[in-house]
Each structure stands twice: as C-alpha cells, then as structure tokens.
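In: Pasted the sequence and its predicted model underneath.
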Amino acid sequence: MAAAGGAVADLVAGMAREEYHPLVAGVAVGVLFLVTASAVRLVGAARRAREGAERRARDAGLALAAIHGNDIVLVLTPEGRIIQANERAAAAYGRPVEALIGANARDLRDPATLGDLPQRFAEVLRPEGTLFETRHQRADGTTFPVEVSSRAFQLEGEPTRYIHSVIRDLTERRRAEEERARHASLLDQLDDGVIAFDEELRVTAWNPAAARITGHPEAEALGQEVLALLGAELPAGTDRREVAARVAAGDLRRMALRSRRRDGRAIDLEVSLRPLRGTGGRIAGFVSVARDVTEERRARDALARREAQLGLVASRLPAGVMISTAAGDAVFVNEGFAALAGRPPEALLGFGWRDAIHPGDLPLVEPGSLQAHAADGGRVDAELRIVRPDGALRWCQLVALPLDGSLDGRWISFAVDVTEARALAERATRAERLAGLGALAGGMAHRINNPLAAVLGAIRFALEELRPGAAATPEVLEALREGESDGRRIAAIVRDLESFANPGPSGGLHDPLDPLREALRMAEPDLGARSRISLDLGALPLVRGERTDLRQLFLHLLRNAWQALPEGRAADHQISIRASTDPAGAALIEIADDGVALSSEGARHAFEPFRAQGEGDDGGGTGLGLSVCWGIATGMGGTIELERRAGGGTAVRLRLPAAGG
C-alpha cells in the first residue's frame with residue numbers, strides 16, 4: 001500500500017511537470033487505484049482473520065477456564081499479550097477482566113522474578129509445555145506464590161501458536177506445608193515416640209524418638225506391621241485385630257506393652273492410642289504415643305519390694321508405723337498405729353488417718369509442714385493428741401522422716417503412745433510442786449515478813465509520836481507513807497500468788513499484740529530510763545485467754561528485761577521485742593535484753609517461785625514474776641523458754657497456741 005501510494009504521487013507530480021502524455025497518465029492512475037483498492041481489501045481480510053483466530057483462541061480459553069474453575073486461566077499471544085482471562089484471574093490479581101485483557105503477562109510477575117521470563121517463553125513452545133513455580137503480583141503491590149502450567153496450541157487452519165496458562169495460587173498450600181513442617185519439627189523434638197499406622201497396623205509415620213526408643217530407624221519401620229516390629233507381647237488371649245477394634249471404638253486408650261528393641265533388649269512401654277478419622281468419620285488409621293518406662297518400672301518394683309520388706313518389719317513393731325505420700329495419702333498403716341487410733345488399718349489408709357488426729361495438732365503433720373522440714377534436711381518430732389472413735393484422747397510421740405529413695409516424696413512416721421508416761425510426768429510434777437510448797441512457804445514468809453515488819457514499825461512509831469493533842473510531824477507522815485508502800489508490796493505478792501495458783505485458760509479470743517502494746521505503754525517510763533526499744537511485730541493468730549492475764553504476763557516479761565539493765569544508760573542498751581507466727585500456726589513472742597545474763601544455776605531455776613532473783617533481794621519485785629508467766633502460759637496451753645544469749649543478756653520465748661487449736 002505504501003509503495004502504490006508513492007507511485008501515484010510520483011505520477012501526479014510528473015503530470016504536473018508535463019513529463020507524461022495525458023492519456024498515458026490517466027491509464028496509469030486508474031491502474032494504480034485498482035491496485036491500492038485490492039491491497040486495502042487484502043489487509044482488512046488479514047485483520048479479520050487474525051481477530052477471528054483470537055476469538056476462537058479466547059473461546060478455547062473459556063472452555064479450558066470452565067475445566068479449571070478454581071485456577072487462574074490466561075490465553076496469551078506469542079508476544080505475551082493477554083487475550084483472555086477468567087473471573088478467578090480477576091479476583092486473584094485484584095483487576096477486572098477488562099483491565100487484564102490487552103495487558104502483558106510480564107506485568108503480572110513479581111518484578112524480582114522477571115529474569116527467567118525469556119526462558120519460560122522458550123520452554124512453553126516445547127511439545128510438553130512447561131511447569132514452574134514463581135511469584136505474581138496483585139494490583140495493590142502484594143505478591144503471592146503460584147504454580148504455572150503453560151502450553152502452546154494452534155487453531156485448525158491457523159499458523160499462529162497461542163499460549164494457554166493455568167496458574168494455581170499456592171498460598172494455602174505453602175501455609176499448609178509450613179504447618180506440616182512445624183508439626184513435624186515438634187514431633188521431632190518430643191521425647192516420646194509417636195507412631196502412626198493404618199487399619200492393617202502397618203506403620204505410616206515414625207518420629208526420631210520412636211527410632212531412639214526402639215532402635216529401628218524410620219526407613220526400616222515404615223510399612224512394617226507395628227506389633228511385629230516392636231516384638232510386643234500382648235496380654236494372653238488378646239488378638240491384634242481385637243486391639244485395633246477396641247481402639248477404634250474408644251474402649252482402649254492406654255496399655256502397657258512388654259517390647260523388644262532392635263538389639264533384643266527388653267523394654268517396657270506405656271502406650272496411648274487414638275483413632276485417626278478421615279472424611280465422613282471413617283477410621284483412616286491410628287496414632288500412638290509410646291513412652292519408655294523401663295527404668296521407672298524397675299524403680300517402682302524395687303520400691304515395692306523395699307516397702308513390702310519394710311511393711312513386714314513394721315507390722316511386727318509394737319510402735320505405730322505409717323507410710324504416706326507427699327500429698328499426705330497413707331499407703332501403709334500397721335496394727336500398732338491402728339491400735340493407737342482405735343480404728344482398723346483400712347480405715348486409716350488414704351486420708352482416713354486425719355480423722356484420728358486432734359484438729360489442733362493437724363498443722364504439725366500437714367504435707368506443707370512436712371515438706372518444709374524435708375527442705376531443711378530435718379525431721380518432724382512432735383507430741384500429738386489422738387482422738388479415738390469414742391472420744392477418748394491418747395497422747396503420742398510422733399517422729400516423721402522422709403523416706404530416702406522414694407519416687408514420690410514419701411514419709412515414714414513412727415508413733416508411740418505416751419499417755420501413761422505423760423500422766424506419770426504430771427504426777428511427778430505435782431509431787432515436785434508439793435515438795436516445793438515448803439520452799440514457797442519459806443519464801444513467802446521471807447517476802448511478806450520484811451515489808452510487814454516495816455509496816456508494823458511505822459505504825460508503832462506513828463502511835464508513839466501521835467499522842468493525844470500532838471501534831472503530825474514530817475517524820476510521822478514519812479513513816480505512814482512507807483507503811484502504805486510496804487502494804488502495797490504485800491498486796492502485790494498476794495495477787496501474784498493468786499495468779500500463780502489459778503492460771504486457768506478461760507476467757508475470750510484476743511490478738512496478743514493488743515495486751516502487749518498495753519503493757520508497753522504501762523512500762524514505758526521504766527523501759528525508757530534503761531534502754532532503747534526495738535519492735536518487730538508481725539501478724540499473730542488469735543489466742544484464747546483473759547486479756548488481763550496476757551497484759552500481766554507481758555508486764556512481768558518486760559520487767560524481767562529492764563531489771564537486768566542499769567539505770568541511766570538507755571543509749572547503751574536495747575530491749576528487742578519480736579512477734580511472728582511459727583510453722584505450726586502458734587503465736588511466737590520473743591523479748592530479749594543485752595544486760596547481765598543469768599547464771600547457769602539461775603537459768604535452771606528461773607521459773608520457780610522466789611528463785612528468779614537473789615535470796616537477799618528486797619527490791620521492788622515480788623519474786624513470782626517468771627513463775628506467774630509460766631503459770632499463765634501453760635494454763636493457755638503454751639510454753640515459755642529462757643535462753644542465755646551468747647553476747648550477753650537473756651531471751652525469753654513465749655509460744656501460745658492459736659485459738660482454733
């Protein structure tokens with residue numbers, strides 16, 4: 001067409017210059033116009049043929065798109081121009097179909113992957129086409145993995161080869177592969193063997209732990225019948241098929257197997273079993289978790305033999321013996337313990353033994369208390385009250401020790417009935433008290449006679465001086481005041497004697513810190529004159545008793561502390577007062593001074609009446625202070641102890657049981 005147009009132009013130009021005869025020029029122009037019209041018709045026909053071919057190619061692409069409905073389907077020209085795209089392509093790339101048609105396939109690629117595009121177009125022309133993985137890009141710039149299957153095709157009677165591409169989004173597949181890889185990694189890290197097998201009991205999965213436990217590598221295990229591979233010894237009368245049926249029905253979830261490793265060594269396996277269900281709930285196979293419990297079983301068997309031997313010995317002991325777990329669950333009770341508790345042995349197993357312990361003494365043998373002693377490497381040694389079914393109380397001396405080598409932190413406890421021994425001790429104590437009445441009477445006479453003589457002397461002096469009509473002189477008044485003071489001392493001695501003789505526990509519930517603070521306020525002038533005060537007062541349980549008795553008890557202990565210190569040197573001395581709750585739940589109060597410590601002889605007799613101070617002391621004390629403290633403390637069920645401090649001074653420790661005990 002271009003050549004014909006050029007010829008016409010040259011002819012017209014020549015005619016204008018009169019180079020051609022007019023008739024020749026006319027004929028030439030007519031011929032040229034005929035040639036041009038033919039060329040135009042030929043070009044239109046070629047274009048229509050090409051468009052028809054592309055239309056048929058698009059139709060072929062649509063037919064293929066219907067086959068690959070879930071995949072992206074594109075039809076391309078050899079140059080890579082898109083002439084057909086399905087709706088899945090529009091959804092995947094975020095572009096309407098109209099925008100995709102006419103675009104180049106390279107525009108759908110992740111720019112980072114364009115390097116292999118010429119190679120892929122060359123491969124697609126091979127008879128088998130090409131299959132490869134790459135990354136495509138959405139309209140918003142995000143990318144996703146794809147699998148591309150492309151092949152060239154020709155329409156009948158057409159020379160042009162078009163490209164048909166089926167593109168599969170691999171996002172979900174990659175996610176599933178990553179999830180499977182993560183699960184496989186987790187299985188590889190397990191210490192327990194994980195084994196999967198089909199309905200025919202052939203192994204389909206075998207993790208590294210299974211290989212380690214059994215000695216069979218994965219390659220050797222896959223496809224083998226699992227029970228035969230393990231050399232498992234099923235219980236007598238049990239068939240392999242029966243095992244599979246019971247697992248499928250959910251009747252068998254755990255079993256113990258005696259098995260053999262690849263090297264022939266026997267091992268004990270604890271196996272958990274679950275069915276694997278496929279589509280429609282059909283059983284597709286089974287999965288098991290196998291744990292090697294060989295050493296654990298040996299240890300249990302050894303412990304059982306040892307406990308059997310221990311039980312045989314313990315059953316013949318006259319003392320009570322109980323073996324319990326760390327949780328306090330009794331697993332063995334001998335006849336001696338049963339006789340002490342007044343119950344059959346089977347009634348004391350488990351947690352039944354707790355019913356035989358007095359509620360106030362249970363904290364001493366609770367699992368937490370036992371474990372605290374075990375952590376310190378010690379033992380529990382305590383006196384407990386046993387409550388028999390008829391309500392009778394028996395006292396026992398209990399010693400509890402951690403059982404060395406136990407797998408579950410067991411304890412062995414020995415209990416001896418000390419009811420009669422305590423009764424004998426109490427009778428001996430009463431006899432001692434009666435024997436000490438003589439000393440008490442002598443001390444009373446000494447303590448009361450001195451102030452009484454002073455009172456009588458003062459009264460006689462006043463009577464002599466106060467003759468009828470005589471005025472009272474300062475000396476007379478002083479004598480009367482001294483008589484009054486000595487009379488008050490006598491009254492204090494009598495009150496302390498009453499407290500010593502009647503220390504009963506009656507009364508309500510009190511926080512010991514309240515009467516302690518009251519006593520501190522009352523004693524503050526005397527304490528401040530002799531020492532500094534250090535307080536460390538933690539929370540205390542409620543105790544049962546008389547508030548006035550508690551206040552008197554603390555006053556005596558404070559007086560005992562300040563009387564050990566010299567006057568006028570308060571900055572050089574300190575009285576420390578600490579309050580806390582001991583492991584058994586009792587209130588613990590300690591009052592310590594740094595003054596002159598008692599002698600060993602004085603410490604031994606500190607709680608005896610009229611023995612705590614020197615025999616010749618006629619000072620402000622009554623001589624009954626610590627004796628009264630002992631009486632009040634023991635009357636409330638508590639204890640009081642005195643200790644000489646290594647650095648000088650004395651510490652008194654008072655324990656009072658919680659009201660619940």
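Out: Alright, I've got the coordinates. Being a predicted model, the structure only gives us computed values, none of them experimental.
In: Just want the phi and psi numbers for the nearest residue to residue 125 once chain neighbours are set aside.
Out: In space, and not counting its chain neighbours, residue 125 is closest to residue 152: 5.2 Å by C-beta to C-beta, 6 or more residues apart in numbering. All C-beta spots, glycine's among them, are computed from the backbone N, C-alpha and C. The phi/psi pair for residue 152 (degrees, to the nearest 10) reads phi -80, psi 150.
In: Let me know the pLDDT of residue 152.
Out: pLDDT for residue 152: 92.
In: can you pull the contacts of it?
Out: 78, 124-125, 129, 161-164 (C-beta atoms under 8 Å, 6 or more residues apart in numbering).
In: name the element residue 528 belongs to?
Out: helix 513-530 (DSSP states H and E).
In: Mind giving me the packing neighbours of that helix?
Out: Packing partners of helix 513-530 (3 or more C-beta pairs under 8 Å, 6 or more residues apart in numbering; DSSP states H and E): strand 532-537, helix 547-562, strand 574-581.
In: Tell me which of those sits nearest to residue 106.
Out: strand 574-581 (81.6 Å; C-beta to C-beta).
In: Run me through the strand neighbours of that closest one, direction for each.
Out: Next to strand 574-581 in the sheet, as set by DSSP bridges, lie strand 532-537 (parallel), strand 587-593 (antiparallel).
In: Pick the most buried one from the ones you listed.
Out: With neighbours defined as mean count of other C-beta atoms under 10 Å, the strands paired with strand 574-581 peak in mean count at strand 587-593, which reaches a mean of 21.
In: how many degrees apart are that strand and helix 547-562 in direction?
Out: Computed with axes from the mean of the first three to the mean of the last three C-alpha atoms, to 10 degrees, the direction of strand 587-593 lies at 30 degrees from that of helix 547-562.
In: gap between strand 587-593 and the chain center?
Out: Relative to its chain's centre, strand 587-593 lies at 36 Å (C-alpha atoms, centre = their mean, to the nearest Å).
In: Stretch 206-215 too?
Out: From the chain centre to the centre of stretch 206-215 is a distance of 31 Å (C-alpha atoms, centre = their mean).
In: Please identify the buried residues of it?
Out: Within stretch 206-215, the residues that count as buried by 16 or more other C-beta atoms under 10 Å are 206-207, 209-211, 213-214.
In: re the thing from before, kindly report which one of the helices and strands packed on helix 513-530 carries the lowest mean pLDDT.
Out: Mean pLDDT per stretch puts helix 547-562 lowest among the helices and strands packed on helix 513-530, at a mean of 87.
In: could you list every residue that touches residue 194?
Out: Applying C-beta under 8 Å, 6+ apart to residue 194 gives the contacts 187, 205-207, 209-210, 287-290.
In: Ok, residue 581 next?
Out: Residue 581 makes contact with 538-541, 587-588, according to C-beta under 8 Å, 6+ apart.
In: Serialize those to a markdown table and add fields for distance to residue 581.
Out: Shown next, in a markdown table, are the contacts of residue 581 (distance: C-beta to C-beta, whole Å):
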| residue | distance to residue 581 |
| --- | --- |
| 538 | 7 |
| 539 | 7 |
| 540 | 6 |
| 541 | 6 |
| 587 | 7 |
| 588 | 7 |
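In: ok, those residues vs residue 451, which is closest?
Out: residue 587 (36.3 Å).
In: How about that closest one: which residues does it bridge to?
Out: Assigned bridge partners for residue 587, using DSSP bridges, are residue 581, residue 656.
In: about what we covered before: from residue 594, how far off is the residue nearest to residue 125?
Out: Shown here: residue 152 relative to residue 594, a distance of 106 Å by C-beta to C-beta, to the nearest Å.
In: what does residue 282 give?
Out: Going from residue 282 to residue 594 by C-beta to C-beta gives 86 Å.
In: ok, now residue 134?
Out: With C-beta to C-beta as the criterion, residue 134 and residue 594 are 88 Å apart.
In: for residue 281, same thing?
Out: Distance from residue 281 to residue 594, by C-beta to C-beta: 83 Å.
In: Who has more neighbours out of these two?
Out: residue 594 (20 against 8; other C-beta atoms under 10 Å).
In: In space, what's closest to that one - neighbours in sequence excluded?
Out: Excluding its sequence neighbours, the residue lying closest to residue 594 (C-beta to C-beta, 6+ apart) is residue 649, at 4.1 Å.
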